[in-house]
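**Student:** Structure here, sequence nowhere to be found:
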């Protein structure tokens, strides 16, 4: 018999990330875009320092040998982010939710399914850009010429990396966490590495009490990022913007994607999106 207690309704949160900002009308976006164009010598020097625990390979990029590694300008090789964590990590392929099989999830149409049953929907919101919903907040898949990356990863059952891979023919390797909350970081272990601030590490992928009995690995490789850190998916550059006075979680970041005119804000701002004229 299934429990009659419905643990959670599956719905889109009002705080889902994905603000669309245009520099000409929004001062915050204008400052962010200006920062993209600016050449800050001190920042570039800080980001270009070689990590003593890694080496560079022309084929696979920077080889990581420690679980936590500071981001570096050397992470981009031949115009594409290349980080090789294979020496220390093999991504998981499944998380066992069977202990919560009797907990029911209510879908938007009123139907109910067991918590251990994977659920994914997706919507293309811009060229090579998808909004993915499982349990937890919206997640996003961004596709470049050579690489795809996830922004956040939810906390529902099922391999979200494998689902994202069905949407693109580019390899989905990494996840960027806008902040450490469990509904954004639970599934990080499916990926080769997770990008987050160093302040987020102690709290990332720590389960809520309602997930007791489910093992969520926390030993995945982490690349720590600072303001101005860049990832490149192949002719699609993303810039990390740290939130100077976070109002939601310490270590909050936003991800600026100027090629699509989108700023991904996690839960930092109480809006679904903002659209303005180009």
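**Tutor:** That came through, no problem. Just so it is clear, the structure is predicted and the values come from calculations on it, not from any experiment.
**Student:** that's a helix at residue 210, yeah?
**Tutor:** Yes - assessed with DSSP: H, G, I helix; E, B strand; the rest coil, residue 210 lies in a helix.
**Student:** Relative to residue 177, how far out is it?
**Tutor:** Using CB to CB, to the nearest Å, one gets 20 Å for the distance from residue 210 to residue 177. Using the backbone N, CA and C atoms, a C-beta is placed for each residue, glycine as well.
**Student:** Neighbour count for those two, which is higher?
**Tutor:** Per other CB atoms under 10 Å, whichever of residue 210 and residue 177 has more neighbours is residue 177, with 26 against 13.
**Student:** tell me the contacts of the more buried one?
**Tutor:** 152-153, 184-185, 188, 194-196, 200, 204, 253 (CB atoms under 8 Å, 6 or more residues apart in numbering).
**Student:** okay, and the helix or strand of the protein with the least pLDDT?
**Tutor:** helix 41-47 (a mean of 38; mean pLDDT, DSSP states H and E).
**Student:** my read: residue 137 touches residue 185, true?
**Tutor:** No - Residue 137 is not in contact with residue 185 according to CB atoms under 8 Å; the separation is 10.6 Å.
**Student:** tell me the secondary structure for residue 131?
**Tutor:** Per three-state DSSP, residue 131 ends up strand.
**Student:** these two touch, right, it and residue 142?
**Tutor:** No - if you go by CB under 8 Å, residue 131 and residue 142 don't touch, sitting 10.8 Å apart.
**Student:** And the two? Which one has more around it.
**Tutor:** Neighbour count, other CB under 10 Å: between residue 131 and residue 142, residue 142 has more, with 27 against 19.
**Student:** and the strand or helix carrying that one, which strands flank it?
**Tutor:** Counting by DSSP states H and E, the element that carries residue 142 is strand 139-143. With DSSP bridges as the test, strand 139-143 is paired with strand 129-133 (antiparallel), strand 148-151 (antiparallel).
**Student:** on that earlier part again, can you list residues touching both of residue 137 and residue 185?
**Tutor:** residue 152.
**Student:** Who has more neighbours out of those two?
**Tutor:** Here residue 137 and residue 185 are compared on neighbour count by other CB under 10 Å; more neighbours surround residue 185, at 28 against 22.
**Student:** Now do the buried residues in stretch 90-107.
**Tutor:** Neighbour-count burial for stretch 90-107 flags 91-92, 95, 97, 100, 103-105 (criterion: 16 or more other CB atoms under 10 Å).
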